[in-house]
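J.: Quick check, what structure comes out for this input:
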Amino acid sequence: MLAILKAHAMGEKISVKVIIGSTREGRFGDKPAAWIYNELRKEPSVDAELLDLREYPIAYYSAPESPAMHTGGYSDRVVQRWSDKIGEADAFIIVTPEYNHGYPAVLKSALDIIYKEWNNKPVGFVSYGSALGARSVEQLRQVAIELQMAPIHNAIHLPVEILHAHTASARGGAAFDTSMFDRLRTGPSGDRVAGFFSQLLWWARALKAAREADGT
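T.: Numbering: from 1, shown residues only. Presented below is the predicted three-dimensional model:
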């Protein structure tokens, strides 16, 4: 176990998938997802990838067996592609809005359709919307625990003025000013992104080492 931990400390890459949790037309979610993805790419120890649920049109779960009992080899090609992507990851960042005190159904389907691929991996959340998306994140933390994931304490709740600026620019036909995200690294609260990444990657390294020690 100690040898595995040392190998990760010496620079073995950590695979982090950033998941856009909304697919609706005119969505805002792709903006913060692209921003956090680009910030993540600056981390030398990270192999980052952006996953858009629009590219994985997952149907509601209808198989006769529980996903927890499934052993792989999905007959649905979309689910198999999704399984492969989630299975290769060491950690996740989920970007989610808040809809009616919760999170989107499309995101729940993506979480529910597989099980073992999520196990023993950390997840952090970037949220926006009503109450800055805090209630959707609280619900997602409960789901993540049931999937045997490790939801980290830190989260990034986007200030409402950023969402309002996106709405105004969309209505006016102007480009959204992505520099508004910079305040999350330089604002009065300090660099919130650095702390978020630090915690996510600490858990990612520790759990990857543990999975490898167990042969899982």
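
J.: can you give me the offset of the helix ranked longest in the chain from its chain's centre?
T.: Ranked by residue count, the top helix of the chain under DSSP state H comes out as helix 192-214. Centre-to-centre, helix 192-214 and its host chain are 14 Å apart (Cα atoms, centre = their mean, to the nearest Å).

J.: Show residues contacting that helix.
T.: Under the criterion Cβ atoms under 8 Å, 6 or more residues apart in numbering, residues 1, 4-5, 8-9, 14, 16, 36, 39-40, 43, 45-46, 90-91, 93, 120-122, 124, 150, 152-156, 184-185 lie in contact with helix 192-214. C-beta: built from backbone N, CA, C; applies to glycine.

J.: Kindly recompute the last result at 7 Å.
T.: 1, 4-5, 8, 14, 16, 39-40, 43, 45, 90-91, 120-122, 124, 150, 152-154, 156, 184-185 (Cβ atoms under 7 Å, 6 or more residues apart in numbering).

J.: how near is the residue of the chain positioned farthest from its centre to A165?
T.: Computed with Cα atoms, centre = their mean, the maximum C-alpha offset from the centroid of the chain is found at G172, amounting to 30.2 Å. Between G172 and A165 the distance is 11 Å, computed by Cβ to Cβ, to the nearest Å.

J.: Equivalent analysis for I20, please.
T.: 19 Å.

J.: Looking at these two, which is more packed in?
T.: Per other Cβ atoms under 10 Å, whichever of I20 and A165 has more neighbours is I20, with 24 against 16.

J.: okay, now D177: neighbour count?
T.: Neighbourhood size, D177 [other Cβ under 10 Å]: 12.

J.: so who does it touch?
T.: With Cβ under 7 Å, 6+ apart, D177 has these contacts: A165.

J.: now the strands for this structure?
T.: Ranges of strands within the chain are 14-20, 46-52, 91-98, 122-129, 150-157, based on DSSP state E.

J.: Which secondary structure elements does the first one sit against?
T.: Under the contact criterion of 3 or more Cβ pairs under 7 Å, 6 or more residues apart in numbering; DSSP states H and E, strand 14-20 touches helix 30-40, strand 46-52, strand 91-98, helix 192-214.

J.: Make JSON lines from these and add mean pLDDT and distance to V106 to it.
T.: Shown next, in JSON lines, are the helices and strands packed on strand 14-20 (pLDDT from 0 to 100; distance: least, Cβ to Cβ, whole Å):
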{"stretch": "helix 30-40", "mean pLDDT": "97", "distance to V106": "14"}
{"stretch": "strand 46-52", "mean pLDDT": "98", "distance to V106": "11"}
{"stretch": "strand 91-98", "mean pLDDT": "98", "distance to V106": "10"}
{"stretch": "helix 192-214", "mean pLDDT": "96", "distance to V106": "23"}
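
J.: right, so these: which one is the most enclosed?
T.: strand 91-98 (a mean of 25; mean count of other Cβ atoms under 10 Å).
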